[in-house]
Structure formats: structure tokens, C-alpha cells
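K.L.:
need coordinates for the below:
(one chain, ligands or ions: 1)
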Amino acid sequence: MIEVEHLSKTYGSTPAITDISFNVEAGEILGFLGPNGAGKTTTMRILAGYLPAINGTARIAGFDVHENSLAVRQRIGYLPETPPLYPEMTVEAFLHFVAQIKGVPAGDRNHKVTAAIERCNLQDKRRVIIRKLSKGYRQRVGIAQAIVHDPPAIILDEPTVGLDPRQIIEVRNLIKSLAGTHTIILSTHILPEVSMTCNRVAIINRGKLVATNTPENLMTQLTGGSGYELEIAGEVGLAKQVLQNVSGVNLVESMPIAAMSTHLPPQDNRAYLRVISQPGSEPGQDIATALVRAGFGLYEMRRVSATLEDVFLQLTTEEKNLDSVENSAAVNEGEAA
Ligand SMILES: Nc1ncnc2c1ncn2[C@@H]1O[C@H](COP(=O)(O)OP(=O)(O)OP(=O)(O)O)[C@@H](O)[C@H]1O
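P.N.:
Residues are numbered from 1 along each chain as shown. A predicted model of the protein is given here:
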């Protein structure tokens, strides 16, 4: 449904995205994940036909976004980071207006507007002026304008930013209810959003795609699916060096105690670390031996499953790991089997 091939874009001489390729199958929700400035918005805007690429192609339902931009806009719903709303219009009038400019025939507009209002739970607000709505309701109107013409493909850029926890759950549920009948790309830098909402994830860093797969496969292939949490006494920088040299260790990071699974209160002079093991290895015994031999106190050590956060950190912060991942077939689906 969405096919992206070798897409690149520069702003002046600054590259924003470089040689990005991925597909989204019909009915799927793809999470587009990356740190600030990674190139998510740039990619979304090119797909929605709002920005030309300098290289590569993108097709929505078979139509090239550049050559057939009108056909593409009729088949795509786009929610930018800031929803394009007319604050002085009522919800209903605004959605009628959007339906009209998206080419919905006059006879179908009432039905389509009502369907979008119901889907986004806006029945009580249909005659309210948009300016008077709360942020959460405005976001729903933003989603309603993206789906009012019933497009097969929907692109949502950071749809839950600025919402309170209850509104976030509502918007996530709404997005999930659209899957199956719609193909969705959801751009976010919020990791739980991806695990909770998406079938697949594409991770972008500094304009390059560094992995595409299911969250589960990414966790298994990149981290072996497991690691260890440690509570130690001693100099933390030195402990990290000792652990990095243990065979089978992939990644070592400091953890705030709040992020550990331990329920004990924090102790003075203790450091809390998470170690991610390499796929297929089980370095627990060597970790304990190396720490004790180097004179560290080892107060707690427990096995933990890797999280999507570990994958994300590994792909977007560790330069040397990033290079090895980019060159590795294992993280990209299709090549993994
Ligand atoms: N209009 C512009 N002119 C110049 N540079 C830009 C412009 N828009 C984006 N950039 C740069 O292109 C790169 C990618 O930006 P983009 O907004 O696509 O990233 P993003 O992943 O959406 O970031 P965020 O999560 O912060 O919104 C960044 O380095 C950004 O500074």
C-alpha cells in the first residue's frame, strides 16, 4: 500500500534523510521511530505530497506522490504535528469543508462527516467552535480531518504529543481501531506508543533507516532478548569498562534505580547498571566473576528481558553498534529468515 524507495531530501546542503526504503502492507500500522531531528517529519511530509524529495520514489496505493499528487492526496489522510484547523469553524463545518477539498462528492459528504465524527467520538462537540475545544478534542478533530474522506492510507505525525494520559489512551485506541481497514504510519519518539500500537517498527537515526521489523524480532535479533540488572558498589565508569570486556556482553548502561525491577530503597555508593547480552550468549557467570575479581561489591544481579528501549538506545546512541547494525542483514526483515 505504501512503497518508499531510496528517498533522500536535503535542506540547502544539510541532508535530512538519506536513501530511505520501506514498505507498509495494507491494514498494517507501522511505527516510525527516531530521536528528535532524525528525519521523521521530513519523510511524512514527502509521503503526504507536501514536500518534494530530491531523490527516490514513494507510492501510495500505486500512485507516485510526486507525479500523481492529487490522486495521492485523495487516498491519504495526514495529521501533521500541528493539526491544520480553522479555529472559528464548528467541528462539523470544518469537516464538511475538508471533505469538499478532498474531493468527496456532495451527496456523500453528510454520511462521511458523520462517520468521522462518530469514529473520533466527537458527537457532543459537532456544533462547537474549534477554538473552544480542549487540546485533546482538537487532536481528535485533527484525526477526523485526516480520515473524513475515508482514505486507505493514514499518516499521523506525533498524534499523542501534549495529551494527558487518558487522552493518550483514547487516541491510541482510536488508531488501533483504524488498523485492518486502513494502512497507517505513526511517527513518534515515544517508545511505549510503538509497542502498544504498531505491528512493525522502522527506526530512523540521523536521516538513515537503521532497522525495520516487528518490535519482538528487533528485541530478539539485536539483544538476544535478555540481559541483566546489577546493583554494585564501586566506581561506575570502571565497572562499565570491566563489563564491556566480558565476552558475550553487547551493551552496558547506567540505570536510575527507579527504572530497575528491584523494590529496595537506593543505597549510598551503589551504582545500578543494565547489561544487554549478545544474541545466543549467556555471560552471567563471567559478569559476576569479572566484577568480583576487579574488586567490586556485587549486591544484586537478576536476569531481565530486553525492551524496545534497549533496541532504540543501541541503534541510535552507539556509533559503533550502529555501523555494525547497518551492515548486518539480521535486523532487516525478509533477510532475517
Ligand atoms: N525547513 C527546514 N530547513 C532546514 N532544515 C530543516 C528544516 N526542517 C527540518 N530540518 C532539519 O532536517 C533534519 C530532520 O528534521 P525532521 O523535522 O524531519 O526530524 P524529526 O525526526 O521529525 O524531528 P522531531 O522529532 O524533533 O520533530 C533536522 O536536522 C532538522 O533540523
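
K.L.:
please enumerate the strands of the stretch 201-337 of the chain.
P.N.:
Assigned by DSSP state E, counting those that start in this stretch, the stretch 201-337 of the chain shows strands spanning 208-213, 226-233, 249-254, 270-277, 297-305.

K.L.:
residue 154 reaches residue 148, doesn't it?
P.N.:
No - here residue 154 does not reach residue 148: they are 11.2 Å apart, not a contact under C-beta atoms under 8 Å. For glycine as for every other residue, the C-beta is placed from the backbone atoms N, C-alpha and C.

K.L.:
which one's more surrounded, those two?
P.N.:
With neighbours defined as other C-beta atoms under 10 Å, residue 154 and residue 148 compare such that residue 148 has more, 26 against 22.

K.L.:
what's the burial count for the closest residue in space to that one that isn't next to it in sequence?
P.N.:
Spatial nearest neighbour of residue 148, excluding adjacent residues (C-beta to C-beta, 6 or more residues apart in numbering): residue 116 at 4.3 Å. Neighbour count for residue 116, taken as other C-beta under 10 Å: 25.

K.L.:
which residues sit in contact with residue 116?
P.N.:
The contact partners of residue 116, by C-beta atoms under 8 Å, 6 or more residues apart in numbering, come to 95, 144, 145, 147, 148.

K.L.:
wait, what's in contact with the last one?
P.N.:
What that stands for is residue 148. 77, 95, 98, 99, 102, 104, 112, 113, 116.

K.L.:
please redo it, this time with the cut-off set to 6 Å
P.N.:
95, 98, 99, 112, 116 (C-beta atoms under 6 Å, 6 or more residues apart in numbering).

K.L.:
looking at those, which is nearest the ligand?
P.N.:
residue 98 (23.6 Å; C-beta to the nearest ligand atom).

K.L.:
for the closest residue to the closest one other than its chain neighbours, helix, strand, or coil?
P.N.:
Leaving aside its chain neighbours, residue 98 sits nearest to residue 145 (4.6 Å; criterion: C-beta to C-beta, 6+ apart). Recorded secondary structure, residue 145: helix (DSSP: H, G, I helix; E, B strand; the rest coil).

K.L.:
quick check: residue 145 vs residue 113, distance?
P.N.:
10 Å (C-beta to C-beta, to the nearest Å).

K.L.:
ditto for residue 167
P.N.:
For residue 167, the distance to residue 113 - C-beta to C-beta - is 22 Å.

K.L.:
these two - which one has more neighbours?
P.N.:
residue 113 (23 against 17).

K.L.:
in a helix, that one, correct?
P.N.:
Yes - secondary structure of residue 113 (three-state DSSP): part of a helix.

K.L.:
now stretch 174-194: mean pLDDT?
P.N.:
The average pLDDT within stretch 174-194 is 85.

K.L.:
what comes up buried for it?
P.N.:
174-175, 178-179, 182-189, 191, 193-194 (16 or more other C-beta atoms under 10 Å).

K.L.:
that older thread, let's have the strands of the stretch 201-337 of the chain in JSON lines, adding distance to residue 132.
P.N.:
Formatted as JSON lines, the strands of the stretch 201-337 of the chain follow (distance: least, C-beta to C-beta, whole Å):
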{"stretch": "strand 208-213", "distance to residue 132": "41"}
{"stretch": "strand 226-233", "distance to residue 132": "49"}
{"stretch": "strand 249-254", "distance to residue 132": "46"}
{"stretch": "strand 270-277", "distance to residue 132": "47"}
{"stretch": "strand 297-305", "distance to residue 132": "46"}
